[in-house]
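Peer 1: Fold the following and give me the result.
(3 chains)
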Amino acid sequence: MEEVKKKRNRKFSKDQWTAIAFLIPSVILIFIFVYGFIGWTGYVSVSNWNTLVPDFSFAGLKNYIFLFNDFRFQSDLRNTLFFTILFIGFVIILGMGIAVLLDQKLKGESFFRNIFLFPMALSFVVTGVVWQWLLNPSTGFNQFLSVFGIKPKWYTDTNILAGYEWGSIEFGLPVAIIAVVIAAVWQMTGFSLAMYLAGLRGIPDELREAARIDGASEFQIFRRVILPMLMPITMSVIIIMAHISLKIFDLIYAMTGSGANFVTDVPGVYMFETTFRGNYYANGAAIAIIMLLLVAIFIVPYLWNSRKGDN
Amino acid sequence: MKKLYGIMFLLALALVVSACSSESSGSDGDSDSGESAKEVEIFSWWTGAGEEDGLLALIDLFEEEHPDIAVENAAVAGGAGTNAKAVLATRMQGDDPPSTFQVHGGDELNEGWVAADKMQPLNDFYEENGWMDKFPQELIDLVSKDGNIYSVPVNIHRGNVMFYNMQVFEDNGIEVPTTFDEFFEVADELKAAGIDPLALGDKESWTATQIFENVLLGVLGPDDYKKLFEGEIGFDDERVVEATEKFGKMLDYVNEDHVSRNWQDSGQLVANGDAAMINMGDWAKGYFANDLELETNKDFGYFEFPATDGEFVVITDTFGLPKGIDNPDDVKKFLSVLGSVEGQDAFNPLKGSIPARVDADESNYDQYGKDTMADFQEARLVPSLAHGSAASEGFLTKVNQAVNIFVTQRDVDAFVQALESAAPEM
Amino acid sequence: MAALNIGKILKYFILIFLAVIFLMPIYVILVTSLKPLDEVSLESMWALPTSIDFSSYVRAFTELAPNLLNSIYLVVPATLLSALLGAMNGYVLSKWKFRGADTIFTFILFGMFIPYQSILIPMIQFLRTIDLYNTIPGLILVHVVYGLPITTLMFRNFYANIPDQMIEAAKIDGANFLGIFRHIIIPLSITGFVVVAIWQFTNIWNEFLFAVTITTSDNQPIMVALQNLSGSQIVQWNVQMAGALLAALPTLLVYIFLGKYFVRGLLAGSVKG
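Peer 2: Sure thing, here's the model as predicted:
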């Protein structure tokens, strides 16, 4: 450690300055485009700008208070929570499962891999429309499922599972959100699959061999050897999927819109509509700030952790 | 090492490409800097089949008459105009208005851009062109605030139309209903016959809001309907409650999977006979006739929404003259083409709407167009709520939310309450 | 042996089952794109077209072709620039750590998570001020900036796997900061560039919100043109689906031909999250 420090100090003269100079353009750009604009949004969120004409007079927390009492926004928070949990869960399970299967040196591996990667190449808007058709209660998959006497209502279902009164809404799992989760999982599983596949390739065969010689079953090898080694990947998947999930907009906008009784509404959709259709700029900015805080809840501990890991 | 050179080469290529593209776009993008005063930038959200053709025909006509003025078609797609409105709002706030832009007549114009003091009055311009008696007075009122006229209407769509499957009506021996009672009777008969009486696709809630506004009009009548949105009648009026109850009752007769459909998907139910009727703005006619290839007055017919006979819910696209543009005279030339008989007859047959002028040439239009043009001259005109004419867009956003909740919860008191609390934002 | 075969068959069975489910939406897109509009309906979504009709493709292609070039002008420089800047940042932040380097990394990374709708208005006003509104370079700038966090993250993790000893040895040989970057780091990170490029290419190609709000008519990239195919009231789904497939072709080709590198590069980039 001491040695490294010395070297660093010695080199600080020229190369270290070049290094910092390399960073400066990015830092300036990020400072303006991210922090400057966040600051501006924060400023709008405490203003009275809820008409076409900008009105920057100070409104205090009025817009936030409105939102937290709003049926639609309360629904959004509930939906986002369940969507995020289910989406991340399925992307991890399915991605890991298929990766383990593909890692068994089966024939046609690259063929299958490309099939699972394919949805990532499509835009969310197209995915949204197709899944809207596929999960339509009167056609789509239900044409097959009805043979077995099953007829789920998918995203038209207005039921809230295990619901109880909370604020002005019923808190529980909105059944309709499951349909949206299916579409999102279909699109993003390829990404986690590729990551897990890469991770599995990185585990040396000797480790498994050693475990096999010790008499461990395949399942035990998976649980005791492979799973722990995949932990860092799982962390990456969670972070990347969490930020997609909390920001999600296009998919839901194209697939279900807000849904009956706002069962599939999310903050991204509400923000877009209230700002650009209703001209409630300050309310929209407040939603954006809350979304940002939600993301921060996920990301700050992660960043904190990875910093600790590095040092 | 070879790879490294490869990357360097790619990077060099990237820089060249971006330099090229900046040059090419630099020469197109001059409209912003105002260097070329002889250019009219027309801002709209008309990008789809039909509507885009109409707009281009209009531009062609203009360029024929004024070859010295260049036209830029600045259309912004998506979200039924929402994206366009977002772009427009930021441009107007940055004091960089387009030469002229599409805006619905009514409060979207009056309570939006006119109230924001961004528009120039066009009274003299109307006089010069002799237009005062060429548009119906109630339509001119719709694009006026405090006695000043602010935009030129180019087309008219009608919102209180019921389209119906003629075969289904015939098979069940059903007559066109003209009152709410008749409608509910008919609906019961159809339901008994296993047909969904009313098709609805409220994936986006404006379709349901549209039914609600028509029920309101039917219950209140045109004068009180207008008064309601002018704030002279409160939303606590018992007739609003009555309309809400009727609206709720109508929702009992819609297809079960209504949330999963958009209006086109629900139109298909009527087209293939699974449902009997649909309330939709008359752009649905274009969808039935051109896209589904059904024959007007044979496969599908149309009648006025129950209890709104002799009334005409107007949805009109208009173009105005923003403040702070460099070449108002050129823009006025465009607006005078837009408001002329030739302009309107170039645009509307392609768009599938009817002209806003009362003296356009009927022979350019199909039977539906002719019928509607006749009604347009006779009927009382009222602004549409669902399309931003009767009230501000802020209010409309809240009404759409309340409708969305009502469709599921059917709580009349809560709905009326929500309307009342949103009313100050009208 | 028999047990092994049964296991293998079971594995194939599961894979094929999943693959079929994954392909169903693709089937629907494909079938719809080949139908005339009056055959497109929710009820007959599974049905094959009565006759194969390529007119939607013709229509979609003529509408999309002018904007294809815009997309290429946009995606190529934006991808390369954001990859290059990301590589530089990653290099500095992993191999030339200084006091506060981690804080700066955190500071950059957070940019990945902002909801883009929220910064739309100030961004348009900013671009207007610097005269880049409604230009492809303006759009490139935006995509480079918002691509920086993820490219920096990927390259930083990628470079963390390159042993410090290599750098130290090069320094002893007298190589300076730039020399090491050019002669050691870049050649070692070809796979890293591929992954980052694939990721950025797909994202920028498919991005819609910035494209529609920053550019108008002649300058719009292909995804906006795709949206333009649908009107304000009527959507022709057959043309829309044909257009979607056409617009997805470049990304699709990238995945098929570079898919192997993608996985390989992810291995280097993300294992150390």
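Peer 1: How many neighbouring residues does the residue in chain A positioned nearest to chain B have?
Peer 2: Relative to chain B, the nearest point of chain A is residue A:278 (3.1 Å; C-beta to the nearest C-beta). (Each C-beta comes from the backbone N, C-alpha and C, glycine too.) Counted by other C-beta atoms under 10 Å in any protein chain shown, the residues lying close to residue A:278 total 22.
Peer 1: can you list the residues of chain A near chain B?
Peer 2: Within chain A, the positions adjacent to chain B are A:50-54, A:71-72, A:132, A:135-138, A:154-156, A:158, A:256-262, A:272-280 by C-beta under 8 Å from any C-beta of the partner chain.
Peer 1: Apply 7 Å and report the result again.
Peer 2: If contacts are counted using C-beta under 7 Å from any C-beta of the partner chain, the residues of chain A sitting beside chain B are A:50, A:52-54, A:71-72, A:132, A:136-138, A:155-156, A:158, A:256-262, A:273-274, A:276-280.
Peer 1: Cross the residues you listed against strands and list the overlap.
Peer 2: Taking DSSP state E, every one of the residues of chain A next to chain B sits outside strands.
Peer 1: List buried residues within these.
Peer 2: Among these, those buried by neighbour count (16 or more other C-beta atoms under 10 Å in any protein chain shown) are A:50, A:52-53, A:71-72, A:132, A:136-138, A:155-156, A:158, A:256-262, A:273-274, A:276-280.
Peer 1: Low-confidence regions, chain A specifically.
Peer 2: Across chain A, the stretches falling below the confidence threshold (pLDDT under 70) are A:1-13, A:306-311.
Peer 1: longest helix in it, by residue count?
Peer 2: The helix of greatest length in chain A, counted in residues with DSSP state H as the criterion, is given as helix A:71-102.
Peer 1: Check the offset of that one from the chain's centre.
Peer 2: Remark: helix A:71-102 is offset 8 Å from the chain centroid, using C-alpha atoms, centre = their mean, to the nearest Å.
Peer 1: ok, stretch A:258-267 near chain C or not?
Peer 2: No: taking C-beta under 7 Å from any C-beta as the criterion, stretch A:258-267 and chain C are apart, separated by no less than 7.8 Å.
Peer 1: Where does the prediction get shaky in chain C?
Peer 2: For chain C, the ranges with pLDDT under 70 are C:1-4, C:230-234, C:263-273.
Peer 1: what's near enough to touch whichever residue of it sits closest to chain A?
Peer 2: Distances between chain C and chain A by C-beta to the nearest C-beta are smallest at residue C:118, namely 3.0 Å. Taking C-beta atoms under 7 Å, 6 or more residues apart in numbering or on different chains as the contact definition, residue C:118 lies against A:41, A:285, A:288.
Peer 1: Mind jotting down where the strands sit in the chain?
Peer 2: Going with chain A. A:160-166, A:169-174.
Peer 1: try again with chain B
Peer 2: Secondary structure of chain B (DSSP E): strands at B:39-44, B:70-75, B:100-104, B:144-145, B:148-149, B:151-158, B:161-165, B:196-199, B:275-279, B:300-304, B:311-320, B:354-355, B:380-383.
Peer 1: Need the contact partners of the helix or strand that the third one is followed by.
Peer 2: Pointing back at strand B:100-104 there. Along the chain past strand B:100-104, the next helix or strand (assigned with DSSP states H and E) turns out to be helix B:107. With contact meaning C-beta under 7 Å, 6+ apart, helix B:107 is reached by B:388, B:389, B:390, B:391, B:392.
Peer 1: Residue B:336 contacts residue B:129, doesn't it?
Peer 2: Yes: applying C-beta atoms under 7 Å, one finds residue B:336 in contact with residue B:129, separated by 5.6 Å.
Peer 1: Show me how far stretch C:217-224 is from its chain's centre.
Peer 2: Its chain's average C-alpha position is 17 Å from that of stretch C:217-224, according to C-alpha atoms, centre = their mean.
Peer 1: what's near enough to touch the closest residue to residue B:53 other than its chain neighbours?
Peer 2: In this structure, residue B:53 finds its nearest non-sequential neighbour in residue B:350, 4.5 Å apart by C-beta to C-beta, 6 or more residues apart in numbering or on different chains. By C-beta under 7 Å, 6+ apart, the residues touching residue B:350 are B:50, B:53, B:54, B:57.
Peer 1: Burial check on residue B:121, number of neighbours?
Peer 2: Count around residue B:121 with other C-beta under 10 Å applied: 17.
Peer 1: Then residue A:171?
Peer 2: 18.
Peer 1: what's the answer for residue C:46, then?
Peer 2: The local packing of residue C:46 (other C-beta under 10 Å) involves 16 other residues.
Peer 1: Contact residues of the stretch 251-400 of chain B facing chain C?
Peer 2: So far as C-beta under 7 Å from any C-beta goes, the stretch 251-400 of chain B lies against chain C at B:264, B:265, B:268, B:283, B:286, B:287, B:291, B:292, B:293.
Peer 1: Can you tell me the number of residues neighbouring the third one?
Peer 2: Read that as residue B:268. Using other C-beta under 10 Å, residue B:268 is surrounded by 24 other residues.
Peer 1: tell me the phi and psi of the closest residue to it other than its chain neighbours?
Peer 2: Spatial nearest neighbour of residue B:268, chain neighbours left out: residue C:41 (4.8 Å); criterion: C-beta to C-beta, 6+ apart. Taking degrees, to the nearest 10, you get phi -150, psi 160 for the backbone angles of residue C:41.
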